[in-house]
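> give me a model of this one.
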Amino acid sequence: LNAKLQNGVFEFKDFQLTEKGQDTVLISIPSFAVQGISADVATQEIVVDQVKTADARIVSWIAPDGTLNLQSLFIPDAEKSKTEKKPGSTEPKPAESSPWYATIHKIEADNWGATIEDRTLPEPVRFTVDDLMVRIENLANKKNSTAKIDLALQIKEVGTVKVDGSAGIDPLSADLKVFADKFVLKSFQPYVDTAVNAGIASGTASSQGRILYQSKDNTPHIKLEDGVFELNNLQVTEKGKDKVLISIPSFAVQGVRADV
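Residues are numbered from 1 along each chain as shown. All right, here's what the predicted structure looks like:
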């Protein structure tokens, strides 16, 4: 069979996903477009010029047992997916086939947002992500190919995160610079409550570093280079009281290196 597809376009609008029998919209995607699709059966290759989406919203939570609610929507029950095998039965091995290669020249996601609630704590914590922006260039599953990645997001009343660098699929690898700026420590008080009888009156934390990831022989290799961690205006009190027990105007650790 010799067949080609050229200048293909796929679009959908106003997509909304709910849990069966419920009214709460868990995923809302007003616009999603895949443009410039080409495929060639003879060379077993798919190329996409651009994937573009904007203004999506996701509502999710971590249940008290530690599972993510979206798992029930996309991951089938492990027990149901198991097939019973008769003793002594064997399955024929599938014939080896040449792989298909895919390349996406540009992926753009603008103004995505998410609300995530952690219900594993006695006092649930809710985080709201705003202004999520993602840019990916030349994403491909060809051997040793790398994609350029640029990501930024704002966590409401907590801080900002930025990531830029490169990543590859075959082999799985990443070389990323990660920046977390001015995280408000008081936002994490419910996590502190589970460990110590202390209250965070004020303080911010910032960090940055270069993260290197590489998979060798199915074993992940992770490194941190040029790590920096900073605390500013930290004040700790006894829980429920105003008297400041610990006050640290500034604290910085620089040149951190770690090799997992």
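
> what segments of the stretch 51-200 of the chain are helices?
Assigned by DSSP state H, counting those that start in this stretch, the helices in the stretch 51-200 of the chain fall at 71-74, 78-81, 189-193.

> of all residues in the chain, which one is nearest the centre?
In the chain, the centroid-proximal residue (C-alpha atoms, centre = their mean) is L151; its distance is 10.2 Å.

> before we move on, the earlier item: return the member of the helices of the stretch 51-200 of the chain having the minimum mean pLDDT.
The minimum mean pLDDT among the helices of the stretch 51-200 of the chain belongs to helix 78-81 (a mean of 50).

> look up how far V163 lies from the residue nearest to the centre of the chain.
Here L151 is placed at a distance of 4 Å from V163 (C-beta to C-beta, to the nearest Å). All C-beta atoms are positioned from the backbone trio N, CA, C, and that covers glycine.

> mean pLDDT per helix and strand in this protein: which one sits at the bottom?
helix 78-81 (a mean of 50; mean pLDDT, DSSP states H and E).

> residues in contact with V125?
If you count contacts by C-beta atoms under 8 Å, 6 or more residues apart in numbering, V125 has them with 117-118, 187-188, 190-191.

> that one pairs with what?
V125 has these beta-bridge partners by DSSP bridges: D118.

> please read off the pLDDT at it from the model.
V125 is assigned 92 on the pLDDT scale.

> kindly report the same for P76.
P76 is given a pLDDT of 62.

> shouldn't N111 be in contact with A152?
No - using C-beta atoms under 8 Å, N111 is not in contact with A152; the gap is 11.3 Å.

> any residues in contact with both of these two?
Joint contacts of N111 and A152 (C-beta under 8 Å, 6+ apart) are 131-133.

> list buried residues within those.
132-133 (16 or more other C-beta atoms under 10 Å).

> out of the shared contacts of N111 and A152, which sit inside strands?
131-133 (DSSP state E).

> shaky segments in this protein?
Scanning the chain with the threshold set as pLDDT under 70 gives 75-96.

> list the residues that contact S247.
234-236.
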